[in-house]
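Engineer: Sharing a model that was predicted from the sequence below.
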Amino acid sequence: QAGLLRGELQAHGGGGVAVALRKLLPACRVIGIEPEGADVMRRSFEAGSPQRMQQLSTIADSLAPPMTTPTAYGLCRRHMERIVTVDDDAICRAMAVLFRDAKLAVEPAGAAALAALLGPLRDELRGLRTGLVVCGANLDAETYMRQLTRGEALLAG
């Protein structure tokens, strides 16, 4: 609907969306997003092989596998330009923006790509037609409200 994408941000799982994007849009830059407290794929990229983390700490628990499998590592390495991390506060702010501006209630993992676009990738992707994978509602109402309230407070300053 928006035309040809030049960049795509996704809070990645096993690399399946990255593979599909590369097949459909080979010139599109695909950047993976991980929470700082569970950045096992970023660490795997740096090490050059699948890694394991002993401790995970993030509100985006669906983005927190303790290890990278060889298959997922291979797919992500082949199809993603790089991995960018975002902290939990940035994720909460992005959840609040999605709720306020788009009326979307998403779990932290679903807001991670927007957190990266509003944060570490803001200047780099400015002016580029960029797609975000925003998904997920795997969260109970009480936890969602607590994280949304945190995000709104962070936005307010």
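Structural biologist: Everything's here; your move. Here the structure is a predicted model, which is why all the values come from computation and not from measurement.

Engineer: CA only for contacts and neighbour counts going forward, please
Structural biologist: Noted.

Engineer: Just grab the bridge partners of Arg52 for me.
Structural biologist: In this entry, Arg52 is beta-bridged to Met67, by DSSP bridges.

Engineer: Could you pull up the contacting residues of it?
Structural biologist: With contact set as CA atoms under 8 Å, 6 or more residues apart in numbering, Arg52 has these partners: Val40, Pro66, Met67, Thr68.

Engineer: can you give me the helices for this structure?
Structural biologist: 16-24, 40-47, 70-79, 88-102, 108-118, 122-125, 141-156 (DSSP state H).

Engineer: Mean neighbour count, those: which tops it?
Structural biologist: Most buried of the helices of the chain, by mean neighbour count (mean count of other CA atoms under 10 Å): helix 108-118, with a mean of 28.

Engineer: got the angle for it vs helix 88-102?
Structural biologist: If you take axes from the mean of the first three to the mean of the last three CA atoms, to 10 degrees, helix 108-118 sits at 90 degrees to helix 88-102.

Engineer: How about residues contacting helix 108-118?
Structural biologist: Residues from elsewhere that reach helix 108-118 (CA under 8 Å, 6+ apart): 9-11, 33-35, 59-63, 84-86, 90-95, 98, 122, 125, 132-137.

Engineer: and if we set it to 6 Å?
Structural biologist: Leu9, Gln10, Ala11, Ala60, Ala90, Ile91, Ala94, Met95, Val134, Cys135, Gly136 (CA atoms under 6 Å, 6 or more residues apart in numbering).

Engineer: same check, this time on stretch 135-146
Structural biologist: Residues outside stretch 135-146 that contact it (CA under 6 Å, 6+ apart) are Val106, Glu107, Gly110.

Engineer: Nearest to Gly48 among those?
Structural biologist: Comparing those against Gly48 with CA to CA picks out Gly110 as the nearest, at 27.0 Å.

Engineer: Surely Thr130 and Gly7 touch.
Structural biologist: Yes: when contacts are counted by CA atoms under 6 Å, Thr130 is listed as touching Gly7 (4.6 Å).

Engineer: Return the distance of the residue nearest to Glu152 when sequence neighbours are not counted relative to Glu124.
Structural biologist: Leaving aside its sequence neighbours, Glu152 sits nearest to Ala96 (CA to CA, 6 or more residues apart in numbering; 5.6 Å). Counting by CA to CA, to the nearest Å, the gap from Ala96 to Glu124 is 23 Å.
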